[in-house]
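Colleague: pasting the sequence and the predicted coordinates here, then a few questions.
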Amino acid sequence: MARPLIRRQQIFVAEYLVDQNATRAAIAVGCSRRSARQQGSRWLTNADIRAEIARQTRERCEKLGVTADEVIAGLKKLVFFDIRKCYRQDGSLKPVPELDDETAYALQRMDTKEACRHFGCGKAKAVGVIEKIRMADKGLNLERLGRARSRCSKTG
């Protein structure tokens, strides 16, 4: 049975659960920036801390109704999303209402701006539209998916 954590360990666990960054969590409990990486790594090897992280993660997932399979499926959608689904046959960008759910899920940002030619004295003529889209970061999400996959391999 796990022993109760001391206050600094409780803070470390809470901070670690924010973004799973042990270095940042160690800094939050007062470790110097120089030693935070080693201390964070050391604290993650503590069985009581690992047990508390697992317990709180389970609780959070149960409360939210989110399973590990759903998280992995979501990451897989982001990683393997096909950018061509954002465009019509003629090459124009689809407006947001025309996007299917999978496309909207992968979309991080969409900017539309009217392009004008200026003639001075406050006069301008619209000459087109500039459209930019930003999709979810495939590299980052591929890395996350790989870590989730490796955890599945270790447990199953």
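Modeller: Now that the structure is in, tell me what you want to look at.

Colleague: which residues does stretch 113-132 contact?
Modeller: The set of residues external to stretch 113-132 that reach it, using C-beta atoms under 8 Å, 6 or more residues apart in numbering, is L93, R109, M110, D111, T112. Bear in mind the C-beta positions are built from the backbone N, C-alpha and C, glycine included.

Colleague: helices and strands of this protein: which one has the lowest mean pLDDT?
Modeller: Using mean pLDDT, DSSP states H and E, the weakest-scoring helix or strand in the chain turns out to be helix 138-155, at a mean of 72.

Colleague: before we move on, back to that, just flag the most distant two among the contacts of stretch 113-132.
Modeller: L93 and R109 (12.8 Å; C-beta to C-beta).

Colleague: higher neighbour count, these two?
Modeller: The neighbour count for L93 versus R109, taken as other C-beta atoms under 10 Å, is higher for L93 (16 against 8).

Colleague: give me the beta-bridge partners of the closest residue to the more buried one other than its chain neighbours?
Modeller: Spatially, and ignoring its direct neighbours in sequence, L93 is nearest to E131 (4.6 Å; C-beta to C-beta, 6 or more residues apart in numbering). Under the criterion DSSP bridges, E131 forms beta bridges with T112.
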